[in-house]
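**Q** The sequence and its predicted three-dimensional model are supplied below.
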Amino acid sequence: MIPKVRVRFAPSPTGGLHLGGVRTVLYNYLFARKYGGEFVLRIEDTDQSRFVEGAEDYIFNCLEWCGLVPDESPRHGGNYGPYRQSERKPQYREYAEKLVEKGYAYYAFDTPEDLEKMRNEFKTPENPSPQYDSKIRGKMRNSVTLGAEETAKLLEEGTRHVVRIKMPQEETVSFIDMIRGEVTFDTSLVDDKVLLKADGMPTYHLAVVVDDYLMKITHAFRGEEWLPSAPVHVLLWKYLFGLEAMPQWAHLPLILGPNGKLSKRDGAKYGFPVFAMNWTDPKTNELTEGFKEKGFLPEAFINLLALLGWNDGSEKELFTIEELIENFSMERVHSGGAKFDYEKAKWFNHEWIKKSDAAVLAPQVKQLLAENNISATDEMLLAVIDKVKDRCNLLPDFVQQAGFFFSNPTTWDTASVSPKWNEDKKNFFLTYINQLQSATDWSPVALETSFKEVATTAGIKPGELQLPFRVMLVGGKFGPPVFEIASILGKENTIQRIQKALEVF
């Protein structure tokens, strides 16, 4: 019987959620949904020194905004909890002890001073950064060199120690990566990683293997930066549970910025977000901007992330979440790094804004207008959004593109009007005001027809009058077709704006 697909995302609550992390969530989510499986969120908080207050709440808020809600988590419950590693502490010691008993791991009693001495004493031009490995372990203070009696005595006395994996020499470890095919390692090149720290908490290496086994994870997707650790994890699976129990792995390509791997510093440097939502570091009070606050729709954010390293084999670029689920396959994820292009990201958002119903956009647009002291009526707002959404790349663009419908201009781009402004044009608008006051049809077509009729009578080309008319209504050279603007503004407001602008002009 084929086991039910179970995937997991296991973030550390140490700070903001990078877009690379959200992409990992997305690929897990799509895979689980495609195969009718379950998506698990597990909090990896074993390194208490790096724990940041509020980071766990932030992770859940980000996933909720993205629409990538887990089936099981510390908040959603499930049959394989607890879902925080700090609450699973006793079981890690049990598995670490099993490894020691079988001879696959050992106790290491080295002090920080011993380790510093090792790094200096064994440094050579060929090996400038010595590691605690199979060549050096025999020269250190551990249960391999001390013998059973002294080791037992130190343990009984409560001497601080860690448990390290005993990496074999000159063995080949390999596994099949769903993206990269067969990946092979020489164990002699890998150091004896710490599995259990002195405080009794596991490192990632032990915890990820034990938790994936106990939570029945069938597929594990993570960033390619974890590839160097893969031989340690393969051996732990082999030693503890058998390789047949190991999940299928896929190591996702890096997301690249202007200078290699996209870091959170790139956002501040180049002016684009790298986190899903705003994150303020509670220790430094430093704010890192998020895609949400920048004005991205979650649908656009998910769409652009999906295509950072994957495509369905076609030229198609716009996908709903349902289409992504239907088309997604791990085999079509690229092995090479995917370069993040902020201009392309804004294109995705522009396309999704255009696709979105005005009623869906209205609450966010109304809030943005209110933050700029612009009060918008609901009925008029829907009509306005439909008129201007094609002109908006980010949600805050609606403030400029829609705000003038609800708030009369206080400044006018007179520089674009004054060079060709004259008394004849002023008289045209005075005449047009009279025409408007008696108008019974306030449709864009009727307004344009009467505008051209008055212009023809005045002997002025209508094209020379439309820019001043736009500046009168809007304040600048932007916005949808000018007669559509007037139609939405209504008779009274349109006439008032013309009269006020004429005073200024």
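**A** Okay, I see it. Numbering: from 1, shown residues only.

**Q** Going along the chain, name the helices of the stretch 251-400 of the chain.
**A** With DSSP state H, counting those that start in this stretch, the ranges of helices along the stretch 251-400 of the chain come out as 264-270, 291-294, 298-306, 321-327, 342-355, 358-371, 378-388, 397-406.

**Q** F483 is nearest to which of those helices?
**A** Nearest to F483 among the helices of the stretch 251-400 of the chain is helix 378-388 (11.5 Å), distances taken as CB to CB. For every residue, glycine as well, the C-beta is placed using N, CA and C.

**Q** circling back: if you compare the helices of the stretch 251-400 of the chain, which one is most tucked away?
**A** helix 298-306 (a mean of 23; mean count of other CB atoms under 10 Å).

**Q** how big is the angle separating that helix from helix 358-371?
**A** 100 degrees (axes from the mean of the first three to the mean of the last three CA atoms, to 10 degrees).

**Q** what's the least confident helix or strand in the protein, going by average pLDDT?
**A** Within the chain, no helix or strand scores below helix 264-270, which has a mean of 78 by mean pLDDT, DSSP states H and E.

**Q** Any stretches of the stretch 51-200 of the chain with poor pLDDT?
**A** Applying pLDDT under 70 to the stretch 51-200 of the chain picks out no residues at all.

**Q** Do a quick rundown of the helices in it.
**A** 55-66, 89-101, 112-121, 143-146, 148-156.

**Q** For the fourth one, name the packing helices and strands.
**A** Right, helix 143-146. Applying 3 or more CB pairs under 8 Å, 6 or more residues apart in numbering; DSSP states H and E, one finds that helix 143-146 contacts strand 105-108.

**Q** ok, and what's touching the strand it packs on?
**A** 96, 99-100, 132, 137, 140-144, 151, 154-155, 161-166, 192, 194-195 (CB atoms under 8 Å, 6 or more residues apart in numbering).

**Q** Can I get that strand in PDB? Just the C-alpha atoms.
**A** Presented in PDB, the C-alpha positions along strand 105-108 are these (Å, rounded to 0.1, in the frame of the first residue of the first chain):
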ATOM      1  CA  ALA A 105      27.800   8.100  17.900                       C
ATOM      2  CA  TYR A 106      29.800   9.000  20.900                       C
ATOM      3  CA  TYR A 107      30.000  11.300  23.900                       C
ATOM      4  CA  ALA A 108      32.300  14.300  23.500                       C
END
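
**Q** picking that back up, for the helices of the stretch 51-200 of the chain, give me a markdown table that also has distance to L254 and mean neighbour count.
**A** Shown next, in a markdown table, are those (distance: least, CB to CB, whole Å; neighbours: other CB atoms under 10 Å):
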| stretch | distance to L254 | mean neighbour count |
| --- | --- | --- |
| helix 55-66 | 20 | 19 |
| helix 89-101 | 29 | 16 |
| helix 112-121 | 29 | 12 |
| helix 143-146 | 37 | 18 |
| helix 148-156 | 42 | 12 |
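
**Q** now for these, which one comes closest to T410?
**A** Per CB to CB, nearest to T410 of those: helix 55-66, 34.9 Å.

**Q** domain assignment for this structure?
**A** Domain assignment for the chain by automatic domain parsing gives 87-205, 357-407, 408-505.

**Q** Quickly compare those and say which is most buried.
**A** For the domains of the chain, the highest mean count by mean count of other CB under 10 Å goes to domain 357-407, at a mean of 17.

**Q** Fine by me, we can end here.
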